[in-house]
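Asker: What follows is a protein structure lacking sequence information:
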């Protein structure tokens with residue numbers, strides 16, 4: 001019997017293949033970063049062909065590192081950057097434009113146009129999302145309106161759309177030679193087009209956006225066999241059996257399967273998912289209503305989500321754009337050279353503000369500066385921004401759910417930063433808990449695939465795999481916590497109303 005599950009993690013900055021055993025432990029990994037393309041201010045793109053090439057390469061690296069073949073792999077799971085949109089030609093398999101990344105803000109005029117009739121919450125009661133540049137529906141509309149010949153090809157049924165899970169699945173299962181054009185409910189719930197109750201595409205909403213139904217993938221559950229890897233691949237005939245958007249996958253990997261359980265992922269951005277079980281809860285406090293997971297024919301599980309656009313990418317910005325640090329881990333060392341933020345607050349509204357504000361007109365601000373402030377204070381303010389933004393999202397979750405979180409499970413690259421994790425516990429006033437297996441996003445996709453083929457027997461099997469690694473208890477006094485939060489909220493207001501109507 002095959003002993004392992006392979007997960008493809010197609011993320012914002014890299015594509016990875018990770019092989020897991022039955023205990024959920026990492027056996028081997030392959031990883032390649034892809035180019036971040038910035039054609040204009042606010043525009044963020046990826047090359048879908050590069051993503052697919054790298055996906056194949058990292059699969060090979062993971063297998064060769066562990067000295068394994070396809071016969072050792074029971075199934076493949078896919079997880080992905082959720083709102084990034086790829087549109088390609090059905091006949092040639094070639095993208096007609098670069099992938100437009102979830103951080104991209106170019107579609108604000110489309111949002112404004114559609115919001116004129118009913119406001120930004122026009123479809124929120126149906127799809128759980130406000131109209132915003134974040135979601136992939138606006139990106140498809142932009143491609144159809146701006147790429148030469150795209151509208152005609154779409155109307156003729158010659159174009160296909162997918163988030164990057166769909167792009168990888170289609171290519172992995174054969175591409176133009178019978179590739180499976182499908183996505184799962186979690187990714188479909190991030191388009192602005194899926195009805196939360198029926199789990200089907202809404203043609204009336206598609207008509208408003210000018211997107212033909214023929215472009216869209218079939219919506220499937222998060223855990224079932226979608227197809228097999230095509231004959232010429234390293235994984236030929238291995239079933240592709242799990243798909244979860246990255247944040248839902250991390251929640252699944254954290255074994256947060258039940259109502260009231262939550263996790264927060266610290267990556268390019270931060271994403272808090274709060275499980276509401278089979279109940280659709282509509283937020284009154286700036287959160288998104290989204291799909292948590294759906295296993296085969298079982299009922300769908302829903303969640304509230306707090307999405308923060310810029311956290312880890314702020315550290316990248318300090319490294320790549322300003323040169324304050326040479327590599328990401330150095331931010332902690334630099335921040336430790338000072339005792340506090342020196343009165344400086346950094347609000348990284350580079351793509352506007354996501355939850356709980358949803359202000360597309362906001363832009364980044366570094367405030368409270370005096371001659372006393374040095375690069376150590378700026379490094380500390382950058383880390384604290386992640387924790388402050390998380391606190392505001394958790395306040396919104398507590399208000400919507402009526403059940404305050406008693407501890408926060410965390411994952412993602414930034415949880416290696418002990419200074420940040422301690423400050424996060426301090427500013428929340430509740431413990432922060434890190435699991436032994438930090439690769440929870442890929443692990444969640446592996447779990448979904450493994451469940452579909454009987455590699456694991458059920459959710460109890462997965463719960464047994466979760467183990468605590470580290471715990472940070474709050475040490476800050478309530479008075480100091482409230483003072484810092486008051487200053488942070490004041491800093492946030494300084495980012496509002498920055499983008500005028502005559503600015504792209």
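Answerer: Structure received. This one's a predicted model, so the numbers in the text were calculated from it and none came from an experiment.
Asker: can I assume residue 307 sits in a helix?
Answerer: No - assessed by DSSP: H, G, I helix; E, B strand; the rest coil, residue 307 does not belong to a helix; its assignment is strand.
Asker: you'd agree it is up against residue 273?
Answerer: No - contact criterion C-beta atoms under 8 Å: residue 307 and residue 273 do not qualify, at 9.7 Å. Any C-beta I mention is one placed from the backbone N, CA and C, and that applies to glycine too.
Asker: Now stretch 88-95: buried residues?
Answerer: Of the residues in stretch 88-95, those with enough neighbours to count as buried (16 or more other C-beta atoms under 10 Å) are 88, 90, 93, 95.
Asker: what's the span of that stretch from first residue to last?
Answerer: Counting by C-alpha to C-alpha, to the nearest Å, you get 4 Å between the two ends of stretch 88-95.
Asker: Would you agree residue 28 is in contact with residue 65?
Answerer: Yes - with contact defined as C-beta under 8 Å, residue 28 counts as touching residue 65 (4.1 Å).
Asker: With neighbour numbers in mind, choose between the two.
Answerer: Set side by side, residue 28 and residue 65 show unequal neighbour counts under other C-beta atoms under 10 Å, the larger going to residue 28 at 18 against 14.
Asker: how far away is that one from residue 162?
Answerer: With distances taken as C-beta to C-beta, to the nearest Å, residue 28 is found 28 Å from residue 162.
Asker: cool, residue 235 as well?
Answerer: Using C-beta to C-beta, one gets 19 Å for the distance from residue 235 to residue 162.
Asker: Could you do residue 3 as well?
Answerer: Remark: distance between residue 3 and residue 162 (C-beta to C-beta) = 31 Å.
Asker: hmm, back to that, could the buried residues of stretch 88-95 be laid out in TSV, adding distance to residue 7, secondary structure and pLDDT?
Answerer: Formatted as TSV, the buried residues of stretch 88-95 follow (distance: C-beta to C-beta, whole Å; DSSP: H, G, I helix; E, B strand; the rest coil; pLDDT from 0 to 100):
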residue	distance to residue 7	secondary structure	pLDDT
88	24	strand	98
90	28	coil	96
93	24	coil	97
95	24	strand	98
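Asker: Tell me which two in these are the farthest apart.
Answerer: Using C-beta to C-beta, the pair of the buried residues of stretch 88-95 lying farthest apart is 90 and 95, separated by 11.8 Å.
Asker: Give me the distance between the longest helix seen in the chain and the centre of its chain.
Answerer: In the chain, taking DSSP state H as the definition, the longest helix is helix 375-401. Mean C-alpha position of helix 375-401 versus that of the full chain (C-alpha atoms, centre = their mean, to the nearest Å) differs by 18 Å.
Asker: Quick one: list the elements packing against that helix.
Answerer: Using 3 or more C-beta pairs under 8 Å, 6 or more residues apart in numbering; DSSP states H and E as the contact criterion, the elements in contact with helix 375-401 are strand 262-266, strand 270-277, strand 301-308, helix 312-317, helix 330-335, strand 345-347, helix 418-428, helix 478-493.
Asker: right, and those - which one's nearest residue 359?
Answerer: If you check each of the helices and strands packed on helix 375-401 against residue 359 by C-beta to C-beta, helix 478-493 wins as the nearest, at 9.0 Å.
Asker: For the closest one, list every residue counted as buried.
Answerer: Using 16+ other C-beta under 10 Å as the test for burial, helix 478-493 gives 481, 484, 487, 488, 491, 492.
Asker: on that earlier part again, in CSV, list the helices and strands packed on helix 375-401 along with mean pLDDT.
Answerer: As requested, the helices and strands packed on helix 375-401 are exported to CSV (pLDDT from 0 to 100):
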stretch, mean pLDDT
strand 262-266, 90
strand 270-277, 91
strand 301-308, 92
helix 312-317, 92
helix 330-335, 94
strand 345-347, 96
helix 418-428, 96
helix 478-493, 96
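Asker: closest one to residue 137 among those?
Answerer: The minimum distance between residue 137 and the helices and strands packed on helix 375-401 falls on strand 301-308, with 15.5 Å, by C-beta to C-beta.
Asker: Partner strands of that closest one and their direction?
Answerer: With DSSP bridges as the criterion, the sheet partners recorded for strand 301-308 are strand 270-277 (antiparallel), strand 288-293 (antiparallel).
Asker: Which residues does the shortest one contact?
Answerer: Outside strand 288-293, the residues within contact range by C-beta atoms under 8 Å, 6 or more residues apart in numbering are 124, 128-130, 185-186, 188-190, 196, 199, 222-223, 244, 248, 251-252, 273, 275-276, 280-283, 300-307, 355, 448.
Asker: Low-confidence stretches in the stretch 1-150 of the chain?
Answerer: With pLDDT under 70 as the threshold, the stretch 1-150 of the chain has low-confidence stretches at 1.
Asker: can you pull out the helices in it?
Answerer: Taking DSSP state H, counting those that start in this stretch as the test, the helices found in the stretch 1-150 of the chain are 48-65, 108-115, 124-127, 136-146, 150-155.
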